[in-house]
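Engineer: structure, please.
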Amino acid sequence: MQVGTGPTVARQGLRALWHGRGRLNQNTPGSRFKFGLEARRHPGGSPFSVRAGPPVSPGFKNAIDEIVTTNKIVLFMKGTRERPNCGFSNTCVQILNRLGLEYSTVDVLENPQVREGMKVYSDWPTFPQLYIGGEFYGGCDIVQQGYESGDLIDAVEKSFE
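Structural biologist: Residues are numbered from 1 along each chain as shown. Prediction:
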């Protein structure tokens, strides 16, 4: 499993990007779902169901824990930053790039075990999956909502405290 990194960009001024924009909604990291629940409602109101697969091995969990804790921002995505293989992954890459953030990526298409294991690890059925400060932030829709509302910047700033 390869982890890619982008150019280093100072985080100074991130809040300035959002000064005066106002808040459209309040999608907070607390809206994430807890492992083990079967039926859930998407924050936007769309129903969907997640069935947890077999538990991840301790070795897999340790490897992912290391990736998400040693990198402030990690995007598990289909493809690479330079060549996203799906529109949702591309949307997340564009948002993170637009914000000028340093982030790492993991291409889940390189290894089917990583792709399936991450669904169980995060208790989230789809990709991309964004982790900020070692915590699961959300998929594309939540990243996009957080970008529009400024909550994404808040989560990033909190991870640097």
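
Engineer: strands of the chain, start to end?
Structural biologist: Taking DSSP state E as the test, the strands found in the chain are 3-5, 39-41, 47-49, 73-77, 104-107, 129-132, 135-138.

Engineer: out of these, which gets the lowest mean score?
Structural biologist: When the strands of the chain are compared on average pLDDT, strand 39-41 comes out lowest at a mean of 32.

Engineer: give me every residue that touches residue 113.
Structural biologist: Contacts here follow CB atoms under 8 Å, 6 or more residues apart in numbering; on that basis residue 113 touches residue 60. All C-beta spots, glycine's among them, are computed from the backbone N, C-alpha and C.

Engineer: typed the wrong thing, it's residue 91
Structural biologist: When contacts are counted by CB under 8 Å, 6+ apart, residue 91 is found next to 140, 143-144.

Engineer: same question for residue 94.
Structural biologist: For residue 94, no contacting residues are found, by CB under 8 Å, 6+ apart.

Engineer: quick check: it vs residue 57, distance?
Structural biologist: Residue 94 sits 34 Å away from residue 57 when distances are taken as CB to CB, to the nearest Å.

Engineer: likewise residue 114?
Structural biologist: Counting by CB to CB, the gap between residue 114 and residue 57 amounts to 12 Å.

Engineer: would you map the helices across this protein?
Structural biologist: Under the criterion DSSP state H, helices of the chain are mapped to 14-18, 58-70, 87-98, 112-122, 140-149, 151-159.

Engineer: now render those as JSON lines, adding distance to residue 76 and mean pLDDT.
Structural biologist: Supplementary listing: the helices of the chain in JSON lines, determined by distance: least, CB to CB, whole Å; pLDDT from 0 to 100:
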{"stretch": "helix 14-18", "distance to residue 76": "22", "mean pLDDT": "36"}
{"stretch": "helix 58-70", "distance to residue 76": "9", "mean pLDDT": "88"}
{"stretch": "helix 87-98", "distance to residue 76": "9", "mean pLDDT": "96"}
{"stretch": "helix 112-122", "distance to residue 76": "5", "mean pLDDT": "89"}
{"stretch": "helix 140-149", "distance to residue 76": "12", "mean pLDDT": "96"}
{"stretch": "helix 151-159", "distance to residue 76": "16", "mean pLDDT": "93"}
